[in-house]
Every structure is written in structure tokens, then in C-alpha cells.
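Asker: Next comes the sequence, and after it the predicted model I'd like to discuss.
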Amino acid sequence: MGGTKLAVFGFLILATALEVFGDAVVRMGLGQQAVATRLAYFAGGAALLFGYGFSLNNAPIEFEKVVGVYIATLFVMWQIVSFITFRTVPSLPTLVGGLLIIGGGMVVAFWQPGVAR
């Protein structure tokens, strides 16, 4: 079971990295003036976003559970990539909201009503 959880985490890290970097590349493409450069950014972003969808849908976990963990992982990855790409530091409201997102994602993924631990 530990190997499966590690595999799920690996798929989620890969999927979130591809999605966030894909979105960042598309955003950078929007700022380009030359049509060829803009199209190259858009093509790169599209390839990354396809990789995200492919990775997420191949994670070895039920789809309704993957969404909770994915959203939590996405928030963290978004902050990391935002800092690396755009040098943006998250504000206090972003961090507080992010903690709520992470908590909610864990509830969706791991809460099993009626299961005693």
C-alpha cells in the first residue's frame, strides 16, 4: 500500500507541475508581440497541459479521491512556480486560504465515514 501512495503522490506532483508550468508558459506567450514566438509559447504550453491531463488521469487512485489531493497539491505547486517564474511571494490571505484548500483536499481524499481508526 505504501508503494501505491508514493505512486499517487508522484503522479500528482508531475501533473501539478505540468499544469502550472503550462499555464505559466501560456501567460508568458500572451505577452509576446511576434506571432511566431507567441505561437511557440502557446504550443509549449499546450504540450505541458496535455501532459498534465494524461498524468492526472493515469494516477492509481479513484477519480473522486484524486481531485481532493490534486487541488491541495496544485495550490502548493502554484505558489512554488509563481515564485520561481514571476518572483511572486504569497500574501497572508493566500497562505491562510491555501491552508484551508489543503485541509479540504485532505478531507475529500482521506475521510472515510464510519471507519474507526
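Answerer: In hand now; what should we look at?
Asker: Could you use CA atoms for every contact and neighbour count after this?
Answerer: Fine.
Asker: Next secondary structure after the lowest-mean-pLDDT helix or strand in the chain?
Answerer: Lowest by mean pLDDT, DSSP states H and E among the helices and strands of the chain is helix 63-86, with a mean of 85. Later in the chain than helix 63-86, the nearest helix or strand by DSSP states H and E is helix 92-110.
Asker: quick one, that following helix and helix 63-86 angle?
Answerer: Between helix 92-110 and helix 63-86, the angle comes out at 150 degrees (axes from the mean of the first three to the mean of the last three CA atoms, to 10 degrees).
Asker: Give me the average confidence score over helix 92-110.
Answerer: Helix 92-110 shows a mean pLDDT of 91.
Asker: tell me which residues in that helix are buried?
Answerer: Of all the residues in helix 92-110, those buried under the rule 16 or more other CA atoms under 10 Å are Gly98, Ile101, Ile102, Gly105, Met106, Ala109.
Asker: As CSV, could you dump the C-alpha coordinates of that helix?
Answerer: C-alpha atoms of helix 92-110 as CSV (Å, rounded to 0.1, in the frame of the first residue of the first chain):
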residue,chain,number,x,y,z
LEU,A,92,-1.0,36.2,4.2
PRO,A,93,-4.6,35.8,2.8
THR,A,94,-3.2,33.5,0.1
LEU,A,95,-1.4,31.4,2.7
VAL,A,96,-4.4,31.2,5.1
GLY,A,97,-6.7,30.3,2.2
GLY,A,98,-4.2,27.8,1.0
LEU,A,99,-4.2,26.0,4.4
LEU,A,100,-8.0,25.7,4.0
ILE,A,101,-7.6,24.3,0.5
ILE,A,102,-5.0,21.8,1.7
GLY,A,103,-7.2,20.8,4.7
GLY,A,104,-10.3,20.4,2.4
GLY,A,105,-8.3,18.4,-0.1
MET,A,106,-7.2,16.0,2.7
VAL,A,107,-10.8,15.6,3.9
VAL,A,108,-12.0,14.8,0.4
ALA,A,109,-9.2,12.3,-0.2
PHE,A,110,-8.9,10.5,3.1
